[in-house]
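Student: structure, please.
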Amino acid sequence: MPINKSALKRERQNTERKIRNRVIKSKVKTAFKKLSDSIDSKKKDEVEANLKLYMSEIDKAVKKGVYHINKGARNKSRIMKKISQTFKEKKSA
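Tutor: Coordinates of the predicted model:
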């Protein structure tokens, strides 16, 4: 248990941030699961709607400092790659 005032305040701040970060990470993971399910079902309209939501949640997490900017960019890049491979149109010769 902390003894001085600054340590007590730091503990309060850490618990508040932990709760806030957990909520934000949960929203990102939920959006990712929805997007993955819609990619697997290959419904293009659903994918576009869920992609917009996922990108928004990632950007919010980066803005709040929960995720590093590179992690956000990496996750967005990977999901876009997966979507483009799934909906790739075959070119006829």
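Student: could you use CA atoms for every contact and neighbour count after this?
Tutor: Noted.
Student: quick one: low-confidence parts of the protein?
Tutor: Within the chain, the stretches with pLDDT under 70 are 89-93.
Student: what about 90?
Tutor: 1-3, 42-43, 87-93 (pLDDT under 90).
Student: what ranges do the helices span in it?
Tutor: Using DSSP state H, the helices found in the chain span residues 5-41, 44-64, 69-86.
Student: what helices or strands is the shortest one leaning on?
Tutor: Secondary-structure packing of helix 69-86 (3 or more Cα pairs under 8 Å, 6 or more residues apart in numbering; DSSP states H and E): helix 44-64.
Student: before we move on, back to that, deepest of the helices of the chain, which one?
Tutor: A comparison of the helices of the chain by mean neighbour count, using mean count of other Cα atoms under 10 Å, puts helix 44-64 on top with a mean of 17.
Student: quick one: the nearest residue to M55 once chain neighbours are set aside from K5, how far?
Tutor: In space, and not counting its chain neighbours, M55 is closest to K76: 6.8 Å by Cα to Cα, 6 or more residues apart in numbering. From K76 across to K5, the span is 42 Å (Cα to Cα, to the nearest Å).
Student: what do you get for A31?
Tutor: Distance from A31 to K5, counting by Cα to Cα: 40 Å.
Student: swap in R20?
Tutor: 23 Å.
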